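S.K.: missing the sequence, but the structure's below:
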């Protein structure tokens, strides 16, 4: 029988509490990146989203939210793919990023509501 570390429930609760703000931040970064015609603004907002997703992906699995962490990692990887791709692919990749980020935000909301 596996035993959880002391305080793990408290850490999970804190993670979920932070998730409300993080999902809003990610949605805002994505919207700003999508709406911007300026390459630097687009890049900065995508990097901010990527950094937040990286934090979530790194923590979620160890707190028992494996699937949620995998969704965050997939979004992060799409952003990295965007940065590594030719500008001619950016429009298509941006649409894919937004579709996946939308699914991530929905999954985040579901996780929060299930845990409340």
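M.R.: Received it, and whenever you're ready, just let me know what you need. From a predicted model like this one, the values you see are computed outputs, not experimental measurements.
S.K.: can you list the weak-confidence ranges in this structure?
M.R.: Scanning the chain for pLDDT under 70 picks out 1-6.
S.K.: Would you map the helices across this structure?
M.R.: 8-35, 39-60, 66-84, 90-115 (DSSP state H).
S.K.: Any chance of the ones you listed in TSV with mean neighbour count as columns?
M.R.: Where you see a C-beta, it was placed from the backbone N, CA and C, and this is true even at glycine. Output for the helices of the chain, formatted as TSV (neighbours: other CB atoms under 10 Å):
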stretch	mean neighbour count
helix 8-35	16
helix 39-60	18
helix 66-84	18
helix 90-115	15
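S.K.: What separation do you get for the closest residue to residue 43 other than its chain neighbours and residue 49?
M.R.: The shortest distance from residue 43 to any non-neighbouring residue, by CB to CB, 6 or more residues apart in numbering, is to residue 83 (7.4 Å). When CB to CB, to the nearest Å is the yardstick, residue 83 and residue 49 sit 12 Å from each other.
S.K.: Overlap of the contact sets of those two?
M.R.: Here residue 83 and residue 49 have no joint contacts, going by CB atoms under 8 Å, 6 or more residues apart in numbering.
S.K.: where's the most centrally placed residue in the chain relative to residue 9, distance?
M.R.: The residue lying closest to the centre of the chain (CA atoms, centre = their mean) is residue 53, at 3.4 Å. Distance of residue 53 to residue 9, computed by CB to CB: 24 Å.
S.K.: Could you do residue 104 as well?
M.R.: In terms of CB to CB, residue 104 sits 24 Å off from residue 9.
S.K.: try residue 37
M.R.: Distance from residue 37 to residue 9, by CB to CB: 46 Å.
S.K.: Please apply the same query to residue 16.
M.R.: Distance from residue 16 to residue 9, by CB to CB: 11 Å.
S.K.: do residue 42 as well
M.R.: For residue 42, the distance to residue 9 - CB to CB - is 39 Å.
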